[in-house]
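Peer 1: Sequence plus the predicted model coming up.
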Amino acid sequence: MSTDSISIVNADFASRPLAAKLHEWVTTVDHKRLGILYIVYSVVFLMIAGIEALIMRIQLIRPHNNYVSPEVFNQMFTMHGTTMIFFVIMPMLFGFANYLVPLMIGARDMAFPRLNAFSFWMTAFGGIFLYFSFLGANGLYGAGNAPDVGWFAYAPLTSQTFSLGHSTDFWTLSLLVSGFGSIGTAINIIATIFCMRCPGMTLAKMPLLAWLNMVMAVLVILAVSPLSAAQIMLLVDRYLGGHFFDTQAGGSAVIWMHFFWIFGHPEVYVLVIPAFAFASEIIPVFSRKAIFGYPVMVAATVCIAFISMSVWAHHMFTVGMNANANTFFVLTTMAIAVPTGIKIFNWLATMWGGKIHFKTPMLFATAFLFQFLIAGLTGIMLGTAPFNWHLGNSYFVVAHFHYVIVGGILFTTFGAFYYWFPKMSGKMYSEALGKLHFWLFLIGFHLTFDFMHIPGLLGMPRRIYTYEPGRGWDTLNLIVTIGVFFQAAGILVFVGNLLWSYFHGETAGSDPWDAWTLEWSISSPPPVYNFATIPEVRSRRPLWDRKHPEDPDWRYE
Amino acid sequence: MRRAAQVIGFACLPVAVLAAPADRSLSPTNIFAPVSTPAQSIFGLSLFVLSVTAAIFVVVFTLLLYCVVKFRRRTDDDGREPPQVFGSNQVELAWTVIPVLITVVLFMATARVIASVQKAPRPENAIRVIAIGHQFWWEYRYPDLNVVTANELHVPVSDPAHPTPTFLTLLSADTDHSFWVPRLAGKTDLIPNHPNSMWMDPQETGLYLGQCAQYCGTQHAKMLLRVYADSPQEFNRWIEEQSQPALTAAAVSEGQRIFERTACINCHAVTGTVADGRFGPDLTHLMSRETIASGAAPNTPENLKLWIQNPDAIKPSSKMPAMGLSDHELDAVTAYLATLR
């Protein structure tokens, strides 16, 4: 594929005035540009929510610290959690899905390009709306306060009795708005994958990334819908005299918990399945081997998605369910360990006998395997209900889900950034800075989240703005806070690397990793139309077939 | 059953060695230093789960480490691709069946402990306590003993031969809270309009600490828990004292008058007087408590004055308002409160 025509398009674009360029980005319906918008947007919010984490950790550096007031601290943990889940990780993963799925299945765009743009702007305005609460939540006179009800916003703390002003409304409406965006994107991904695969690409020959994103999209529809319903019910309670969650009038606080977690637990898999998808692309390419057990990987993912719809109440072991209900949710929670374990073993088997090349993406993917293993094992501990009666709502569970979301999801996503940055920008990132980022972030991650488990075992609950001395928590909290500074330094190196490489990096070429999926068959960055001629594939690794005509995959599949 | 426990205990030895320094000297709220049956049941299960997960970790981590070291690209690599392997049904089957077996074992061990804690029958002689969570303090009522108190729960120590457990009914007056004293039992939430229950039978006398473990509003952090396990004699004496109405002393009648004519009695009750507010802690026997503000400060005259004049200095955003008394009034009210023994 010639890159000549592409460089002309780029040159043309570069010569236009800034306003025209911005206009093109704002009005674009191109899946690649929307993907990049999602990703840039999520990196901005990553830094904002990171600063919120930093403020919390400085406050907790020693007992009885007075760095921020309890009000500010409660706003910080609410905004940190809400932002990281809904406006960092989700858009980041949607961005990669948007960018990569059409390229990997040989399509020229998503099925519904304008729905795609609509979905992005819904998500974007949801996030901006949430942050406007800092200015406007008490009315429009600039004396706002951000939501402070926690990211799962348990009733009845969200009722008008306990949450004055409009801060809870900002939380509710922003998630409602961005939720519609998420559902739109999910529909789009499913339609794209079912209708727009290139000739020869049966479902069984689709790259794992596309498969896993399809499962993710199904889960988004199943999970975000009840969340949106609950948000509407909360609005009805607050403004139309409803009593769904109004315990003073016979409503049920527990119903909110069920609604939230029937969203909240599949949401974990909405976030982690795309991370699995990245690992399933990066690990084979850098091990120089085909993925081990492709059908089993697909089956395990579908299996995880099914089981994930039946485990939500393991977030509620302490709310007083009866012994039979607790036992049932222990069983389903344990069951999910099996397909997850299968995936880890398959990645290990992919590395087994390979020639592993530890470039930055593979470093992140390897750390992911290690950390996700630990996160899974602490998950088993939390899944045994009696142990959960101690660990639930303690710092142990905070450490556990950060192990999943940072150690698992964010690490693979960093890997994905480095892996596909050459494709998206046409430039090679700096390997030295990438490795510096990796090691800084790895050290910071382990300082923070390894040590964070222990205060939980020693009785420290989450969401406290300060704590008593003499509980054995002091030194541990100090170490946890120190780790955050390493992580922050790592993030700065990461953003600096992307920016510097974008302007000054070496030209990457169309296929810098000698990889096997379709996106590497076209120029970097890809032309607007992606494929000059729609490709035809005969196996899961079309570029392997092209590079090894003597031993193509389709003979074995 | 005892034999099974020994086998499990032996399997847990490596973890037990690790947990050995993790006794109460490490922390008064250490979950690995149980002194009450529910906490001990959880402790036994947690050692088993920790051992199983530790074993899984060692196996998988070794495999990962082996892959990383053995299969990394060498500097003298010839650039040829390694043999392509697409999968193996036998291997896949093995690493499906083995985890299934492990989870079945873990599930059965867990189900047993759930039943033993949640389905434990309440003996006739059990102490009944109604614990009510408030923003941001605890109310305790002993319906059979005619006692109402706040923030410091007294229970009798339980002799394993003749158990006298305490059964708590958990209610909430406002938002969700959670009762968590790690050395006595796991946590259970207090949810409005949704009564819960839990039980404990501390086997050593002493003070056990904990705190609210469900975010309940601005001052969630200083909603601390104190449970005193008393000897039977001490407990009976305590009940006897607490069930008396307040003594009124003529020497502090001025303080009492100020207390009863300002907003204090809107929220606080003193049995035997006109004060019958229920929004804040019962003060009938305030001086029998070691702390004020739900454990946030020691119960000294200085702290009491500070708490009345400027509660934010001790516990910002608590529901206690600054009373704005003159120095003279403050001294008089504090002197009155000091007689509420």
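Peer 2: Great, that's in hand. Residues are numbered from 1 along each chain as shown, chains lettered A, B, ... in the order given.
Peer 1: Now the stretch 201-341 of chain B against chain A: closest residue?
Peer 2: B:Ala221 (3.6 Å; Cβ to the nearest Cβ). From N, CA and C alone the C-beta is placed, and that goes for glycine too.
Peer 1: tell me how far stretch A:230-246 is from the chain's mean position?
Peer 2: Computed by Cα atoms, centre = their mean, to the nearest Å, the chain-centroid distance of stretch A:230-246 equals 29 Å.
Peer 1: Also stretch A:33-40?
Peer 2: 14 Å.
Peer 1: B:Gln256: how many residues sit nearby?
Peer 2: 24 (other Cβ atoms under 10 Å in any protein chain shown).
Peer 1: Nearest residue to it in space, ignoring adjacent ones along the chain?
Peer 2: B:Tyr336 (4.9 Å; Cβ to Cβ, 6 or more residues apart in numbering or on different chains).
Peer 1: quick revisit: give me the pLDDT value at the closest residue to the residue of the stretch 201-341 of chain B closest to chain A other than its chain neighbours.
Peer 2: Using Cβ to Cβ, 6+ apart and skipping the chain neighbours, the partner closest in space to B:Ala221 is A:Ile464 (3.6 Å). Here, the pLDDT recorded for A:Ile464 equals 97.
Peer 1: and A:Ile464, that one's in a helix?
Peer 2: No. The assignment for A:Ile464, made by DSSP: H, G, I helix; E, B strand; the rest coil, is coil rather than a helix.
Peer 1: and it, how many neighbours?
Peer 2: Count around A:Ile464 with other Cβ under 10 Å applied: 23.
Peer 1: Give me the pLDDT for A:Val9.
Peer 2: So, for A:Val9, pLDDT stands at 49.
Peer 1: now A:Asn138
Peer 2: 70.
Peer 1: Now do the same contact list for the residue of the stretch 201-341 of chain B closest to chain A.
Peer 2: By Cβ atoms under 8 Å, 6 or more residues apart in numbering or on different chains, the residues touching B:Ala221 are A:70, A:463-467, B:211.
Peer 1: Now name the helix or strand holding the residue nearest to B:Gln256.
Peer 2: Per DSSP states H and E, B:Tyr336 falls inside helix B:327-337.
Peer 1: what about the nearest residue to B:Asp174 once chain neighbours are set aside, distance to B:His268?
Peer 2: Leaving aside its chain neighbours, B:Asp174 sits nearest to B:Gln135 (5.2 Å; criterion: Cβ to Cβ, 6+ apart). From B:Gln135 across to B:His268, the span is 15 Å (Cβ to Cβ, to the nearest Å).
Peer 1: ok, back up a step: next, the contact list for the residue nearest to B:Asp174, please.
Peer 2: A:162, B:174-175, B:216-217, B:219, B:319.
Peer 1: Got a ChimeraX select line for the buried ones in the contacts of B:Ala221?
Peer 2: Buried residues among these (16 or more other Cβ atoms under 10 Å in any protein chain shown), as a ChimeraX selection:
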select /A:70,463,464,465,466,467 /B:211
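Peer 1: and the residue of the stretch 101-250 of chain B found nearest chain A, how many neighbours?
Peer 2: Of all residues in the stretch 101-250 of chain B, B:Gly186 sits closest to chain A, at 2.3 Å by Cβ to the nearest Cβ. B:Gly186: 27 surrounding residues under other Cβ under 10 Å.
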